[in-house]
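K.L.:
Okay, predicted coordinates and the sequence, questions at the end:
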Amino acid sequence: MANPLYDELFGKHLGQDTVFLQLADGQTISHDTFLKMSAQFANSFKDLGINAGDRLAVQVEKSPQCLAIYAACAQSGVIFLPLNTGYTANEIEYFIENSGASLVICDDNKLTDLAPIVESLNAAVETLNSDGTGSLPTKATSAPTSFATIDRSGDDLAAILYTSGTTGRSKGAMLTQENLLSNARTLVKAWKFTSDDALLHALPIFHTHGLFVATNISLLAGNKMIFLPKYNLDDIIALLPEATTMMGVPTFYTRLLSDNRFTSELAQHMRLFISGSAPLLAETHIEFEARTGHRILERYGMTETNMNTSNPYDGERRAGTVGFALDGTDVKITNSETGTELPKGEIGQIEVRGPNVFKGYWQMPEKTAEELREDGFFITGDLGKYDDDGYLHIVGRNKDLIISGGYNIYPKEIELLLDQEENVLESAVIGVPHPDFGETVVGILVPKPNTNIDLTSVATNVAKSLARFKQPNKLIIVKELPRNTMGKVQKNALRAEYKDLFTDG
Ligand code: MLC
Ligand code: AMP
């Protein structure tokens, strides 16, 4: 027996003193040092009674220790459940309850809010802070630096990543070891990563992009990551000369372009810039090439599927498209009513099948059945078409979703909260264009007859429950919402009306 995820990504680096992580202050951590730290965490989990198949929820700042918890979970067969650091205690409660997590790891500054919730759900809590201190690392220091890897098969779960839903309830996407490994293998080949690369890593590590795409590729190829706590333009500009590749959401690239220090000289030595998680505007692609001579490689993925398509490494990287299906993955366009495949050029829903596609939603068989067909195709909720040369264009979404700076926001969750506010009869939440985040959240409220809504108090109340990035950037009061003849709110009309709120038009 073996443990494919641990063996192939982590275990093979045991004893290697090659650099795995280079931190913002220049300090480096070798593969071997990292693996010793993760083995200590794995031993601590065992001491805490956390075993293979248990869920371990983590809401901590990005740090080498946090990444080592991911490695420790892989080695001990524990299911890793990373959570956005922006989530409020209110939001976290649902994830712990729904996943049945046995252990929750949070920052010391979140402990007061989270401890009572965690205890009421019969889970244990430990802390880990951004500087590497906390109760977990304190326990781990005295633990052995090796751990007998627990046997797992490729079909065993490696992680659960929560993704919001159109009904307002988040769903836990179950990702197997093979889902993650097969995608990493494909991407290393497609994007030609080698141990000579240095990946500038400024993404968060609680989502597919920063956690799996960036980290798993780097582990498989054996390259170093320049591992920054967050995206900060000054750091990126200072460290680009040491990198060969960079991955980011479109905001990373629009921010770079807005800075005069980002010149063709600064980017000249780079091998590859990759963008994903949200649409990269064709104009950004073109401006980037004009400034640097580099064509950004855009790819398309999802929490449930890892990466599905990519523009080619060699060959034309076409602006405004997400390229071709990755090796081993089938991507087809279907009629959303009938499910039948559509001819090239026609717009329909995008469906994906392959070893990268998840196993289903945690304890939600009905939701899984709605989106994952028996023949293995997953209905992504994105709308697209193939052009004459076979490039996939994403032209819209069949799901009511806003993507702000690469974070997904489902309007329903916010509408449910707004509807509970005093004097609110009903609400509609939409995404409108935003120069920095691509899209941003706008809440539109209808007052009950003969009442007034206090917008300051609405904003204050919403802030108590919702992560900052989900909170409406603007609240607007209207007399009524536009509806079609079936009584359904016409969000397209609202989006058209408010499209210039944050842009020049
Ligand atoms: C931060 N804020 C956001 C925000 N990020 N608001 C809306 N949308 C966001 N994405 C808030 C902050 O809390 C702050 O609030 C204010 O906006 C301005 O902060 P900032 O300093 O400008 O933001 P910054 O910290 O620089 O973050 C912006 C960002 C970051 C774009 C760098 O959001 C980011 O790293 N995004 C990447 C997300 C990602 O990894 N997605 C991948 C999902 S996986 P205030 O009130 O304090 O001022 C996936 C699958 C796939 O989608 O295909 O990859
Ligand atoms: P998430 O659920 O956070 O994994 O987000 C997945 C969604 O992000 C997809 O369903 C798409 O709507 C969107 N997405 C990811 N990559 C791209 C891209 N390159 N272009 C447009 N949308 C994208």
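P.N.:
Cool, got the structure. Ligands and ions are numbered 1, 2, ... in the order given.

K.L.:
elements contacting the host helix or strand of residue 430?
P.N.:
Residue 430 belongs to strand 424-434 when elements are defined using DSSP states H and E. The contact analysis (3 or more Cβ pairs under 8 Å, 6 or more residues apart in numbering; DSSP states H and E) places strand 424-434 against strand 402-404, helix 411-419, strand 438-447, helix 491-497. (C-beta placed from N, C-alpha, C; glycine too.)

K.L.:
That one relative to helix 411-419, how many degrees between them?
P.N.:
With axes from the mean of the first three to the mean of the last three Cα atoms, to 10 degrees applied, the angle from strand 424-434 to helix 411-419 works out at 140 degrees.

K.L.:
Paired strands for strand 424-434, with orientation please.
P.N.:
Strands that pair with strand 424-434, judged by DSSP bridges, come out as strand 438-447 (antiparallel).

K.L.:
How about the partner strand and ligand 2, any contact?
P.N.:
No - applying Cβ under 6 Å from any ligand atom, one finds strand 438-447 separated from ligand 2 by no less than 9.4 Å.

K.L.:
For residue 443, see how far away residue 471 is.
P.N.:
Shown here: residue 471 relative to residue 443, a distance of 9 Å by Cβ to Cβ, to the nearest Å.

K.L.:
Those two: who's more crowded?
P.N.:
Taking other Cβ atoms under 10 Å, residue 471 and residue 443 do not tie; residue 443 has more neighbours (26 against 18).

K.L.:
give the contact list for the residue nearest to that one when sequence neighbours are not counted.
P.N.:
Taking Cβ to Cβ, 6 or more residues apart in numbering, and ignoring the residues beside it in sequence, residue 443 has residue 472 as its nearest neighbour in space, at 3.7 Å. Contacts for residue 472 (Cβ atoms under 8 Å, 6 or more residues apart in numbering) come out as 414, 429, 441-443, 459, 462.

K.L.:
Buried residues of the helix or strand containing residue 32, list them for me.
P.N.:
Element membership for residue 32 (DSSP H and E) is helix 31-47. Residues of helix 31-47 classed as buried by neighbour count (16 or more other Cβ atoms under 10 Å): 31-46.

K.L.:
Excluding residues flanking it in the chain, which one is nearest the residue in the stretch 51-200 of the chain positioned nearest to ligand 1?
P.N.:
Per Cβ to the nearest ligand atom, residue 86 is where the stretch 51-200 of the chain lies closest to ligand 1, at 6.4 Å. Nearest residue to residue 86 in three dimensions, chain neighbours excluded: residue 467, at 3.8 Å (Cβ to Cβ, 6+ apart).

K.L.:
and what of residue 225?
P.N.:
By the measure of Cβ to Cβ, 6+ apart, the closest residue to residue 225 outside its immediate chain neighbours is residue 201, 4.4 Å from it.

K.L.:
and the gap between the one you found and residue 258?
P.N.:
Note on residue 201: its distance to residue 258, by Cβ to Cβ, is 21 Å.

K.L.:
Show me what whichever helix or strand residue 137 is part of is packed up against.
P.N.:
Per DSSP H and E: residue 137 is located in helix 135-141. Under the contact definition 3+ Cβ pairs under 8 Å, 6+ apart, helix 135-141 sits against helix 31-47, strand 124-127.

K.L.:
at 10 Å instead, please
P.N.:
Applying 3 or more Cβ pairs under 10 Å, 6 or more residues apart in numbering; DSSP states H and E, we find helix 135-141 packed against helix 31-47, helix 64-76, strand 103-106, strand 124-127.

K.L.:
what sits against the closest residue to residue 271 other than its chain neighbours?
P.N.:
In space, and not counting its chain neighbours, residue 271 is closest to residue 244: 4.5 Å by Cβ to Cβ, 6+ apart. Residues near residue 244 by Cβ atoms under 10 Å, 6 or more residues apart in numbering: 193-194, 196-200, 223-224, 226, 269-272.

K.L.:
could you measure the closest residue to residue 77 other than its chain neighbours against residue 349, distance?
P.N.:
Spatial nearest neighbour of residue 77, chain neighbours left out: residue 52 (3.0 Å); criterion: Cβ to Cβ, 6+ apart. To residue 349, residue 52 is 37 Å away according to Cβ to Cβ.

K.L.:
Enumerate the residues of the stretch 301-450 of the chain near ligand 2.
P.N.:
Residues of the stretch 301-450 of the chain lying near ligand 2 (Cβ under 6 Å from any ligand atom): 301-303, 322, 380, 382, 394, 397, 403, 408.

K.L.:
Pull up the overlap in contacts between residue 471 and residue 443.
P.N.:
Residues within reach of residue 471 and of residue 443 at once, by Cβ under 10 Å, 6+ apart, are 414, 417, 459, 462.

K.L.:
Looking at those residues, which is nearest residue 219?
P.N.:
residue 414 (36.6 Å; Cβ to Cβ).

K.L.:
I'd say the closest one and residue 402 touch.
P.N.:
Yes - using Cβ atoms under 10 Å, residue 414 makes contact with residue 402 at a distance of 9.1 Å.

K.L.:
what do those two both touch?
P.N.:
Common neighbours of residue 414 and residue 402 (Cβ under 10 Å, 6+ apart) are 429, 441, 470.

K.L.:
what's the closest of the residues you listed to ligand 2?
P.N.:
Within the shared contacts of residue 414 and residue 402, the smallest distance to ligand 2 is 12.9 Å, found for residue 470 (Cβ to the nearest ligand atom).

K.L.:
Could you find the closest non-adjacent residue to that closest one?
P.N.:
residue 409 (5.0 Å).
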